[in-house]
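**Student:** coords below, sequence missing:
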DNA sequence: CGTACTAGTCTTTTT
DNA sequence: GACTAGTACG
């Protein structure tokens, strides 16, 4: 238990022991900062008599929070249970769920994602007659987001605008947007932070209770905090001032999201009595990789000077591969990974392919698939943002609480039930004139004068009511299945083609899996809580109230805050493909950095803008990418690639020039020259027998990833290869079967699809239907 | 009211 | 090249 001390270097130990007062830990990449944070928490509880309930650790992603949670638990055991490990956003949601009524929202608020925001904005622009050609919705949204990041209200914006026409327009839009959100009792991501700060400012007693609760606060990835987050932390910490922030200014890559690098650079001036500890020993990478990282990042100005070092030895030389096309690039990567697997026995999970933009994943995916390499793509379209999933979520939201007009409107005619735009407009007007929500207006549809469509609406309303009653005696899984059955969602799905229909069905299946794991997890928590009889949520007198909220509400809440990276599981043995942003915080024995070209990385915007700050952010991103690699790092460039429909030619990235050529292995140089004529398959064989074999003897630590506790949602994201078939039906063609809705019929054919069986049934009354076995739940008779 | 086709936009990066 | 919004027509 106590032997974690022995694993710490002197600086780390100092950071762990310094628990009182403000502390800034400048932790370079791979310097063991998570270890320091977790040890620190364990040390407080086990050695210093700190009540675990008084400790708060904040991270940015759920994945990081989970990881920290597991490590703290492992280190401090049940003592650690009371420590609150949370992301900024879920911390805020938890606080707001309890107290947001103090600032005029209902505690049942919903959370809007980017998609919902856009829908609202579109409507606002229409209402305000904003020309979206000149002012695109997303530009407005991003400006509003920036205002919120900076804790600027509508009136702040109006004041700031003065005579500036564009700013005045922005203020007008901001106002209307915010009013719509409030009307729908909804908060966007930025609001979660802003409204919490609002709450603390408006209700000193609430703030005070949280200050008492969180006497020791730690913030991870501090370089990525924005002004709202800074203020939130400042408020919480202002009584006890035991605030420890951990970060690396060189890894600040979220400026576009409002991250303010000054938060970390100026920490010492905000807290003049702050202790500062630097962690510069890297435990992850070879010295060669670190030399490359240092060489690149030292071209940035305005950073805290530091330099990573490692005692792991030089390791392999870096590799670089110049390809003619992006196509070839993808082929090279696939080929190289495959041969490493065959020749060196690496595990798939040892390799990661990184790129600047999500769009680059497509070709890579294609080639990996062709090569039969199992992979996972992180990011792109968030699972919960997919159409079919959002539809289901909208049903659930409506059932849970129909305050959110957006959700109700989304599903009023999905699947099609003959309620069109004109009807919706009429309902909307009626709602507006009578001060009703959209759903309330639906409930009194007969008064609107819609003729025959009123019946259809009544049908919809009674269906929702039926679902509500259904839920009182069934679990979530049943409810989702009931929705699918009742609406015939899958049957009526307007699939563009067969493959799309299949992916959608797979996604729905995956969604149901998630619902099931959520319910299981909840059950676990409940029983744990009962046996341990944990106190409630600290300052909340009746902590159980949170738990009393319906399981549906809690599910919707959890789902709203899931990022794609959260669902990546270490025990999935697959090659990971992701953006450089998503890769932060992760490490891999073998890393490919692809698309190393001017205009792509650094991106076009950064090159064109002439803003050195933008270029520096790109460079930090490069630094992040390089430092993900433990043993082997390969850069890949393409002379030409297709970018939004047209072929573009790019010079190699300037970042490559910043790396001393001595760090590259010889074979790489040869390869560049030889590559022109040679075939990739021949070229890419590793020079295992070359003179460099000294470094080859133990090329990889075949580290079995530490057993990580299963997350609530162990969902593999976009999956490639490895097909998964559903349950084999127990009926065959010719059998008589019964369907809940369509009654009895005869099975005409069963076709095996990618993940499920597609069954064609000739029903006695309903006629011939095609359906997926997983959903149809046909019973043989 | 629903469908089928066309034109225009999009790409940084995400909680 | 892919997706989406908008339009014309049945």
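**Tutor:** Here it is on my side, so go on. This one's a predicted model, so the numbers in the text were calculated from it and none came from an experiment.

**Student:** Okay, now the sheet partners of whichever strand or helix holds residue A:760, with direction.
**Tutor:** Applying DSSP states H and E as the criterion places residue A:760 in strand A:757-763. Strand pairing for strand A:757-763, determined by DSSP bridges: strand A:743-752 (antiparallel), strand A:767-772 (antiparallel).

**Student:** Contacts (any at all) between DNA strand B and stretch A:103-123?
**Tutor:** Yes - counting by C-beta under 7 Å from any atom of the strand, DNA strand B is contacted by stretch A:103-123 at residue A:114. No exception for glycine: its C-beta is placed from N, CA and C like everyone else's.

**Student:** Can you list the buried residues in that stretch?
**Tutor:** Across stretch A:103-123, burial judged by 16 or more other C-beta atoms under 10 Å covers A:103, A:105, A:108-113, A:115-117, A:119-121, A:123.

**Student:** so of those residues, which ones are in helices?
**Tutor:** If you go by DSSP state H, the buried residues of stretch A:103-123 have A:115-117, A:119-121, A:123 in helices.

**Student:** Can you spell out which helices and strands pack onto the helix or strand that contains residue A:515?
**Tutor:** Assigned by DSSP H and E, residue A:515 belongs to helix A:498-532. Counting by 3 or more C-beta pairs under 8 Å, 6 or more residues apart in numbering; DSSP states H and E, the packing neighbours recorded for helix A:498-532 are helix A:387-400, helix A:476-487, helix A:489-492, helix A:551-560, helix A:773-776.

**Student:** 6 Å - rerun?
**Tutor:** Judged by 3 or more C-beta pairs under 6 Å, 6 or more residues apart in numbering; DSSP states H and E, helix A:498-532 is in contact with helix A:387-400, helix A:476-487.

**Student:** Out of those helices, flag the one nearest DNA strand B.
**Tutor:** With C-beta to the nearest atom of the strand as the criterion, DNA strand B lies closest to helix A:476-487 of the helices and strands packed on helix A:498-532, at 13.4 Å.

**Student:** how about the helices of the stretch 601-750 of chain A, start to end?
**Tutor:** For the stretch 601-750 of chain A, helices defined by DSSP state H, counting those that start in this stretch occupy the ranges A:604-609, A:612-626, A:654-657, A:666-674, A:680-683.

**Student:** Going by mean pLDDT, which of these comes out lowest?
**Tutor:** Mean pLDDT is lowest for helix A:680-683 out of these, coming in at a mean of 29.

**Student:** for the spatially most central residue of chain A, what are its contacts?
**Tutor:** Centroid check for chain A by C-alpha atoms, centre = their mean gives residue A:563 as the closest residue, at 1.7 Å. Counting by C-beta atoms under 6 Å, 6 or more residues apart in numbering, residue A:563 touches residue A:61.

**Student:** Could you check how far it is from residue A:65?
**Tutor:** To residue A:65, residue A:563 is 11 Å away according to C-beta to C-beta, to the nearest Å.

**Student:** Overlap of the contact sets of the two?
**Tutor:** Counting by C-beta under 6 Å, 6+ apart, nothing touches both residue A:563 and residue A:65.

**Student:** thinking again about what came up before, run the angle between the strand holding residue A:760 and helix A:498-532 for me.
**Tutor:** Interaxial angle, strand A:757-763 versus helix A:498-532 (axes from the mean of the first three to the mean of the last three C-alpha atoms, to 10 degrees): 100 degrees.

**Student:** what distance separates stretch A:83-101 from the centre of its chain?
**Tutor:** 18 Å (C-alpha atoms, centre = their mean, to the nearest Å).

**Student:** Equivalent analysis for stretch A:265-279, please.
**Tutor:** Offset of stretch A:265-279 from its chain centre (C-alpha atoms, centre = their mean): 30 Å.

**Student:** got the contact list for it?
**Tutor:** Here stretch A:265-279 makes contact (C-beta under 6 Å, 6+ apart) with A:11, A:14-15, A:18, A:22-27, A:31.

**Student:** Write out the residues of the stretch 101-250 of chain A neighbouring DNA strand B.
**Tutor:** With C-beta under 7 Å from any atom of the strand as the criterion, the stretch 101-250 of chain A comes near DNA strand B at residues A:114, A:133, A:136, A:138, A:189-190.

**Student:** So of those residues, which two are at opposite extremes in space?
**Tutor:** Across those, no pair lies farther apart than A:133 and A:189, at 26.9 Å, counting by C-beta to C-beta.

**Student:** okay, the two: which has more neighbours?
**Tutor:** In this view residue A:133 and residue A:189 are compared by other C-beta atoms under 10 Å, and residue A:189 has more residues nearby, 20 against 6.

**Student:** rank the strands paired with strand A:757-763 by pLDDT, which is bottom?
**Tutor:** Of all those, mean pLDDT reaches its minimum on strand A:767-772 (a mean of 67).

**Student:** Run a quick neighbour tally on whichever residue of the stretch 551-700 of chain A sits closest to DNA strand C.
**Tutor:** With C-beta to the nearest atom of the strand as the measure, residue A:645 is the residue of the stretch 551-700 of chain A nearest to DNA strand C, at 2.9 Å. Each residue near residue A:645 was counted by other C-beta under 10 Å, and the total is 5.

**Student:** returning to what we had before: and the residue nearest to the centre of chain A, backbone torsions?
**Tutor:** Per-residue torsions, residue A:563: phi -100, psi 160 (degrees, to the nearest 10).

**Student:** Could you measure from it over to residue A:379?
**Tutor:** According to C-beta to C-beta, residue A:563 stands 9 Å off from residue A:379.

**Student:** Distance-wise, check the residue nearest to residue A:483 when sequence neighbours are not counted relative to residue A:575.
**Tutor:** If the residues on either side of it in the chain are set aside, residue A:483 comes closest to residue A:395, at 5.1 Å by C-beta to C-beta, 6 or more residues apart in numbering. For residue A:395, the distance to residue A:575 equals 36 Å [C-beta to C-beta].
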